[in-house]
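1. how would this look folded up:
(chains A and B)
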Amino acid sequence: MTNHWIDIRNSDCILIMGSNAAENHPISFKWVNEAMKRGGKLISVDPRFTRTSSKADFFTPLRSGTDIAFLGGMIKYIIENNKYFKEYLAEYTNAAFIVADKFDFKDGLFSGYDPKTRTYDKSMWAFEKDAKGVPKKDRTLENPRCVFQLLKKHYNRYDLDKVMEVTGTPKEDLLKVYEMYSATGQKGKAGTIMYAMGWTQHTVGVQNIRTMAIIQLLLGNMGVAGGGVNALRGESNVQGSTDHCILYHIWPGYLQTPKASQASLSDYNTTYTPKTNDPLSANWWGNYPKYSVSLLKSFFGRKATNGNDFGYNWLPKLDDGKAYTWLDIFDEMYKGNFKGFFAWGQNPACSGANANKTRQALAKLDWLVNVNIFDNETGSFWKGPGIDPKKIKTEVFMLPCAVSVEKEGSITNSGRWMQWRYKATEPRGDSRPDGDIMTDLFKKVRYLYRKDQNAVFPEPILNLKWDYTTRGEFDAHKLAKEINGYFLKDVTVNNKSFKKGDLVPSFAFLQADGSTSSANWLYCNSYTDKGNMAARRTREKSGIGLNLEWSWCWPVNRRIIYNRASVDKYGNPWDTEHPVIKWNGSKWIGDVPDGGWPPMLKADGTPNPKTKYPFIMKPEGHARIFGPGRADGPFPEHYEPLECPVEKNLFSSQLINPTAPIYKTDMDAYKTCDPRYPFVGTTYRVSEHWQTGIMTRWQPWLLEAQPQLFVEMSPELAMLRGVKNGEKVIVESARGNVKAVALVTKRFRPFTIQGTVVHQVGLPWHFGWVHPKDGGDSANLLTPSTGDPNTRIPETKAFMVNVKKI
Amino acid sequence: MEGKAFFIDTTLCTGCRGCQIACKQWNQLPATKTENWGSFQNPKDLSFYTYKLVRFSEDTGDDGKPVWYFFPDQCRHCVEPPCKEVPEDPNAIIVDELTGAVLYTDKLKKVNSEDVQESCPYNIPRAQTGTGYIAKCTMCVDRVHNGLLPACVKTCPTGAMNFGDRDKMVAMAKKRLAEVKSKFPKASVTGLDDVRVFYLLADEPAKYHEYAQATIIPGGIDRKTALKRIAKPLKELSKEWQLLHKLAS
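-> You can find the predicted model right below:
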């Protein structure tokens, strides 16, 4: 989230789209209710009327996979009806930037597309630069090549009729939502978006979020209280896991994983350190080498020196042009290219799209280690439905691990708040905390490497620093301090003196010369000589809910990021009732400012040369309406899901995302616009279960409340198939099938799409064959192995299915 | 009026079932075997093992869009509980002095459980198959006596469940009703006069649950209770009944 949970109460208009927050983030509804008590409005847009919709001031449905069409129409509305916040737009975003002539868009494709590789040459999307190398700007927003005019031209095609034909949303409902939400463009008003997997799990997932980011920038909703782009994370600590880089393409703190072609640390740092020639741009990522070198020092300690590139070459690198995402891992595993696999705290046999492919892939392994608290479909894949254990060669190990309340450590929530948690009870039986399991595994591997004189490339193992135990047990405090970082020798930085062994007070003090360490620069400031900041529990007595002394958040405890866009150029808040920061003449008061530089104008109205633009993480210092970094284009564009119910995309001849990944094994079947699979299928969650249900299905009270896999469908579809409410049916796709209980409900209505009736159904993905025996299996047996081209998150929210009586 | 009360604001309830599960956990009640019968509501009904049940009902609103109502059903802890009149033994069902909680004892094993169930205007009491013991919500009287909130109230994330001194809950309910009237013109609060569980409903009570609101007849008691009382011997009856008997005969 750019903002945080409690801040939602400050919103004048909350759009919940691509999320069912009341269902899946029930505690968050405390804050939504609070906003409504204060006069805020709630809009719910969802293919189905959900628990969230039941509380909304306004609900309207849309067909799964058409969010860009819906929101594109809102962009057109905002521009045509002058609802945008002009000063904010012109001064703080790249709306004023001039785009070079090489950029074009024709019939669904941006310039630079190579149909052979199905990728874009992004250099075609560059800005026009002046003699100093700074992007040219027209702050009046009138130049026909400025981003604002190009935006207007692009979304001019998203007229109400076309949007309605594609989404199935009635025209008057579209207008009502656009009207309600765009009212937050007024100075002093704020609108926020709460979104989750309903937006991300598509072949256009990233662009869904980009569309909303554009809307938020048009309306001046970034950096302000009650505004922001708020992702509702799906696990209590997934924010922590992404911050600490448990994804192949990033190193802790969102640094990049190096590529094989980046042979030296200097090559690597140069590639990823952006440059700017604009003195008013803070270009915070310009500090990149300080963070990468400090990280290497955390990994390898004394062994990492200037002479060996700080151990840069002891770390694995990515083959250029290759992706190693979840979908790619199981694709390679299915092809027999993996010997072993640690399924650590996860259940891929149920959680991954195209679960049959995953289950077959597991059978190709020599060994599998399942680290989990309960038996599950992954650990027991070898005795699953239709599998003959005698034919499986995989050796499977079960390592029971402790649950979160049986160990100490931190959890980072959606709002970036790192909250320390305490151990409540001892782990049961032989189960052990993950930190201890990992420590023991590492020690044993290191021992084997030491013993073997012929070990190949032992440096990464033997040189890894591992001093995170106390009396033989994993010590979360030691790791938390390492994550914060240390001074490794006596130094003076920014006129302050530090001794070797001191904790670094913030990332502003990290160095690129090996004198500091930090296992995650973003978390530098979280554990300092003031103590464990994540363990703080002081509530604010008054204010807008920032709670600056409750836990700690990154970066440097800044609760609302981009908050220097919440003020005008003199430093006065746009919203005087909910000010985030304010310039008092000599410094900023309120939240931690997004950089301590003074406002853009001095009190007398002359420009202040000491200032910086507010969006400090972008090299140009301006927020990106035109986003030249994405794999599928600088402006979001509607494409149909890979499996869709229509033959034509009304917006262009490109039916699907021209850069979406497609897999080609015999287990990768896709059937679009096929009469055998005539209904749109989607997957979602319920309050009573969590993820694949491996924790909740074993909990009798939860199972009692939600015992079986069900498929929700409209009464019209039920009649079409002769199905009664409560009757078992089969739901099938090109990849697999499941038995589910039909839940016939008016909360699903048929859509009229391009003149045809299109039905949609939905299933929760919480069930698995291990337990209970009559509960049903994973809905991911239906879903397709394709995903977003930037992230490859699978498109589990829109695919085609059939429903039939048993 | 003394004692405690619940104020349940269904306009804030999201049907998350936290209250239903918290009740199970605090009372260590077993889970029963259920099937999806075509609804999120499960178990299907209250039982000897389920004291708190979120009831789900769907309908079409005045604007043609769906509505989905959540009703966290539980014993109303009536101020003058009709069920208490059913057993011959006045101590089979007791009313806690401090809170007003209506508490069932094991003496109910000797009482015809159907009579007890039918006496309830809200269809709450449930018997154990085979033994005849009857159980229902206890107002977490053990927690309340120790300064804690009932488990369902403590768990509720949205502020739908509230608990406290009855007068304060009455005031809260009335205030909240006034606040939601413009958004929900048909809104009402049930039970302010005669029970200890008030529901703020956005729509007609029958749309939430058949027994959301008891049917009241003049005289202050409902028809079921009146019929039952008429069958009892004179010496066991209260003044109220005597008055009614005079009217009926």
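
2. Straight-line length of stretch A:93-107, end to end?
-> The first and final residues of stretch A:93-107 sit 27 Å from each other (CA to CA, to the nearest Å).

3. Counting neighbours, which bits of it end up buried?
-> Neighbour counts using 16 or more other CB atoms under 10 Å in any protein chain shown place A:Thr93, A:Asn94, A:Ala95, A:Ala96, A:Phe97, A:Ile98, A:Val99, A:Phe103, A:Phe105 of stretch A:93-107 among the buried residues. No exception for glycine: its C-beta is placed from N, CA and C like everyone else's.

4. Out of these, list just those in strands.
-> A:Phe105 (DSSP state E).

5. now the buried residues of stretch A:93-107 in a markdown table, with distance to chain B?
-> As requested, the buried residues of stretch A:93-107 are exported to a markdown table (distance: CB to the nearest CB, whole Å):
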| residue | distance to chain B |
| --- | --- |
| A:Thr93 | 36 |
| A:Asn94 | 39 |
| A:Ala95 | 36 |
| A:Ala96 | 41 |
| A:Phe97 | 42 |
| A:Ile98 | 46 |
| A:Val99 | 42 |
| A:Phe103 | 42 |
| A:Phe105 | 37 |
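
6. Where do the strands of chain B begin and end?
-> Secondary structure of chain B (DSSP E): strands at B:4-9, B:53-60, B:66-73, B:93-95, B:102-104, B:126-127, B:134-135, B:161-165, B:188-190, B:197-201.

7. what angle separates the longest helix seen in chain B from strand B:161-165?
-> Looking across chain B with DSSP state H, the single longest helix is helix B:166-180. Comparing the axes of helix B:166-180 and strand B:161-165 via axes from the mean of the first three to the mean of the last three CA atoms, to 10 degrees yields an angle of 140 degrees.

8. coming back round to it: indicate which one of the strands of chain B is closest to A:Ala22.
-> Smallest distance to A:Ala22 across the strands of chain B (CB to CB): 10.1 Å, for strand B:66-73.

9. Shouldn't A:Thr683 be within a strand?
-> Yes: membership of A:Thr683 in a strand is supported by DSSP: H, G, I helix; E, B strand; the rest coil.

10. With respect to B:Thr34, which of the buried residues of stretch A:93-107 is nearest?
-> Distance to B:Thr34, by CB to CB, is smallest for A:Thr93 among those, at 52.8 Å.

11. thinking again about what came up before, closest to A:Val403 among the buried residues of stretch A:93-107?
-> For these, the minimum distance to A:Val403 (CB to CB) is 44.7 Å, reached by A:Thr93.

12. Tell me what the closest one is bridged to.
-> Applying DSSP bridges to A:Thr93 gives these bridge partners: A:Ala623.

13. I'd say it and A:Glu620 touch.
-> No: if you go by CB atoms under 8 Å, A:Thr93 and A:Glu620 don't touch, sitting 10.1 Å apart.

14. still on that earlier bit, so which of the strands of chain B is nearest chain A?
-> Evaluated with CB to the nearest CB, the strands of chain B place strand B:66-73 nearest to chain A, the distance being 4.1 Å.

15. Quick one: name the residues of chain B near chain A.
-> Chain B comes close to chain A at residues B:11-12, B:14-18, B:20-21, B:24-25, B:30-40, B:42-43, B:58, B:60, B:65-70, B:157-159, B:179, B:183, as judged by CB under 8 Å from any CB of the partner chain.

16. Where does the prediction get shaky in the stretch 201-350 of chain A?
-> For the stretch 201-350 of chain A, no stretch is flagged by pLDDT under 70.

17. Strands along that one, start to end?
-> A:229-231, A:250-251, A:255-256, A:340-344 (DSSP state E, counting those that start in this stretch).

18. The second one pairs with which strands, and in what direction?
-> In the sheet containing strand A:250-251, the strands it pairs with under DSSP bridges are strand A:255-256 (antiparallel).

19. Which neighbouring elements make contact with the longest helix of chain B?
-> Secondary-structure packing of helix B:166-180 (3 or more CB pairs under 8 Å, 6 or more residues apart in numbering or on different chains; DSSP states H and E): strand B:4-9, strand B:161-165, strand B:188-190, strand B:197-201.

20. Tell me which of these sits most buried.
-> Highest mean neighbour count of the helices and strands packed on helix B:166-180: strand B:4-9, a mean of 26 (counted as mean count of other CB atoms under 10 Å in any protein chain shown).

21. Can you give the contact residues for that one?
-> B:72, B:74, B:77, B:99-101, B:139, B:144, B:150, B:153, B:159-166, B:169-170, B:172-173, B:176, B:196-200 (CB atoms under 8 Å, 6 or more residues apart in numbering or on different chains).

22. returning to what we had before: okay if I get the strands of chain B as TSV plus mean pLDDT and distance to A:Val729?
-> Shown next, in TSV, are the strands of chain B (pLDDT from 0 to 100; distance: least, CB to CB, whole Å):
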stretch	mean pLDDT	distance to A:Val729
strand B:4-9	98	36
strand B:53-60	97	20
strand B:66-73	98	22
strand B:93-95	97	46
strand B:102-104	98	42
strand B:126-127	97	32
strand B:134-135	97	37
strand B:161-165	98	36
strand B:188-190	97	38
strand B:197-201	98	34
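
23. and the ones you listed as a markdown table, adding distance to A:Leu399?
-> Shown next, in a markdown table, are the strands of chain B (distance: least, CB to CB, whole Å):
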| stretch | distance to A:Leu399 |
| --- | --- |
| strand B:4-9 | 45 |
| strand B:53-60 | 38 |
| strand B:66-73 | 41 |
| strand B:93-95 | 53 |
| strand B:102-104 | 48 |
| strand B:126-127 | 44 |
| strand B:134-135 | 42 |
| strand B:161-165 | 40 |
| strand B:188-190 | 54 |
| strand B:197-201 | 48 |
